[in-house]
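Student: kindly return the folded structure for what I paste below:
(chains A and B)
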Amino acid sequence: MRFSIAVIPLVLFAALAGVFLMNIDKDSSVVPSVLIDKPAPEFSLPPLPGREAGLSRADVTKGEVSVLNVFASWCIPCRAEHPLIKRLSREADVPVYGLNYKEKDPQDGVKWLAELGDPYAAVGMDLSGRTGIDFGVYGVPETFIIDGAGQIRYKHVGPVTADVLEDVLLPKIAELKE
Amino acid sequence: MTRRLLTMIGAFGLVIGLMAGTPAWAVNPDEMLSNPVLEKRARDISQELRCLVCQNQSIDDSDAELARDLRVLVRERLIAGDTNEEAIDYIVARYGDYVLLNPPLKPETYILWASPAVLAILALLAVFAFYRRKQREASNATTSLSRDEQARLDEILGTSNGDKKS
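Tutor: Presented below is the predicted three-dimensional model:
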C-alpha cells in the first residue's frame, strides 16, 4: 500500500517527461491547417502590373499536381527561401504558382521578382489578403502542395529550407504525381 | 497630515479610475461599424478569436496586420447578415479550432475538459484516504498492548513501585 503510493509521483513524472520529450522538437507557432485534404478555395486574382495572366482556382485544378507559394516583398524569410523555390520549380517538374500577398504597392512584387528571378508559372496579386485568409495563411511564406483534383494535400509554414525541400516537399510531390 | 493622506488616496483612486476607464483595444476607429449593435457583436466575436500571429492575444487586442484583416472580415460577415455563430464558423473553416480561445467540446477535447474534474476527484480521494489512515493509526494507538508488551510494562512499573515503597 505504502509502496504503491510512493510510486505514483514517479510514474506521473515519467509520463509528463515523456510528453515533453515527444514535443520538444515541435514548433508551437506552427498551427496545423484544417484545409489539408480539402479542395482549394475559390479564388481569382489579378496579374502583377504589366503582365497578362493572373492566377485563379482554374490554374490549380488542371488535373496536375501543383505548388502554391505565398510570398511578399516585405517578408524577409521569403527572400531567404527564394533560391529554394527556384530549385523547387526546376527539380519538381510541376508548375509552381506564386501568391503575392499584401503588397503595399503593386509594383513591389514586380521589382522583387525582377531582382531575385521569377520561378513562378503564374503569379496572382492578393493586395487585400482575402485569398490568403481563404487559404488559412497566417504568416508568409507558406507553401501549399495541391493535387491533380485541386485538393490541398500539404502545407509548409515558414521558409522552405534545403532539408524541407529534399526531405518533405519533393518526395510528397513525387508521391502525388504517381 | 490627514489632508495630505486624503489627497494621496484621492490621487491614487484617480489613477486607478483612469486606468480602468481606458482599455487599450487595438480596434481602430475606421474599422468600427456605425451600427452600435453590430459593432458590439463584432467586438464580442473578436474577443473569442485568437490572433494566429501572436497566439496569446485575441484579434480584438492585437495590432497584427492579420488580426486587423480578420476584424474587418468579421464585421463584413455581420453586415452580410451572418449570426455570431456563422461568422465564427467562417473563420474556423479557414483556420481551424485553434483560432477559438475557448476550445469547443468535442471528442478530441473530452480529455481537456474532463481533466479538471478528474483531478479534483482524485485529489479528494487522496485527502479522504489520508485522513482515513490517520484515523486508523490513532485508533490503533489506543488498542491494548500485546501480551509481551504488557508483561514488560508490568515488570518496569512493578520495579519502580517497589523502589518507591522501599
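
Student: what strand or helix carries residue A:123?
Tutor: Per DSSP states H and E: residue A:123 is located in strand A:122-126.

Student: can you name the next helix or strand after that strand?
Tutor: With DSSP H and E, the next secondary element past strand A:122-126 is helix A:130-134.

Student: packing partners of that following helix?
Tutor: Helices and strands touching helix A:130-134, as assessed by 3 or more CB pairs under 8 Å, 6 or more residues apart in numbering or on different chains; DSSP states H and E, comprise strand A:96-101, helix B:65-79. Yep, even glycine has a C-beta here, placed from its N, CA and C like the rest.

Student: mind running it again at 7 Å?
Tutor: Helices and strands touching helix A:130-134, by 3 or more CB pairs under 7 Å, 6 or more residues apart in numbering or on different chains; DSSP states H and E, are strand A:96-101.

Student: so which bits of the strand it packs on are buried?
Tutor: A:96, A:97, A:98, A:99, A:100, A:101 (16 or more other CB atoms under 10 Å in any protein chain shown).

Student: list the contacts of it.
Tutor: By CB atoms under 7 Å, 6 or more residues apart in numbering or on different chains, the residues outside strand A:96-101 that reach it are A:48, A:55, A:59-60, A:66-72, A:85, A:88-89, A:109, A:119-126, A:129, A:131-132, A:137, A:140.

Student: what's the residue closest to the geometric middle of chain B?
Tutor: Nearest residue to the geometric centre of chain B (CA atoms, centre = their mean): residue B:116, 10.1 Å.

Student: so where is the chain shaky, pLDDT-wise?
Tutor: Here I'm looking at chain A. A:1-3 (pLDDT under 70).

Student: um, chain B though
Tutor: Filtered on pLDDT under 70, chain B yields the residue ranges B:1-2, B:16-25, B:142-143, B:159-166.

Student: which residue ranges of it form helices?
Tutor: B:2-21, B:36-46, B:65-79, B:84-95, B:110-142, B:147-165 (DSSP state H).

Student: swap in chain A?
Tutor: A:2-23, A:76-91, A:106-116, A:130-134, A:162-164, A:170-177.

Student: most tightly packed of those?
Tutor: Ranked by mean neighbour count, the helices of chain A are led by helix A:130-134 with a mean of 20 (mean count of other CB atoms under 10 Å in any protein chain shown).

Student: can I get that helix as PDB, trimmed to CA atoms?
Tutor: Presented in PDB, the C-alpha positions along helix A:130-134 are these (Å, rounded to 0.1, in the frame of the first residue of the first chain):
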ATOM      1  CA  ARG A 130      -8.500  37.900 -48.700                       C
ATOM      2  CA  THR A 131      -7.400  34.900 -50.800                       C
ATOM      3  CA  GLY A 132      -4.600  34.400 -48.200                       C
ATOM      4  CA  ILE A 133      -7.300  34.200 -45.500                       C
ATOM      5  CA  ASP A 134      -9.300  31.700 -47.600                       C
END
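
Student: off-centre distance for it?
Tutor: Averaging C-alpha positions (CA atoms, centre = their mean, to the nearest Å) puts helix A:130-134 13 Å from its chain's average.

Student: and what of stretch B:64-77?
Tutor: 28 Å.

Student: tell me how many other residues crowd residue B:74.
Tutor: 27 (other CB atoms under 10 Å in any protein chain shown).

Student: and what of residue A:75?
Tutor: 18.

Student: which residues touch it?
Tutor: Contacts of residue A:75 (CB under 7 Å, 6+ apart): A:140, A:141.

Student: quick one: which of the buried residues of strand A:96-101 is nearest chain B?
Tutor: Chain B lies nearest to residue A:101 out of these, by CB to the nearest CB, at 10.3 Å.

Student: okay, and the beta partners of the closest one?
Tutor: Beta-bridge pairing for residue A:101 (DSSP bridges): residue A:126.

Student: can you tell me how far it sits from residue A:72?
Tutor: 5 Å (CB to CB, to the nearest Å).
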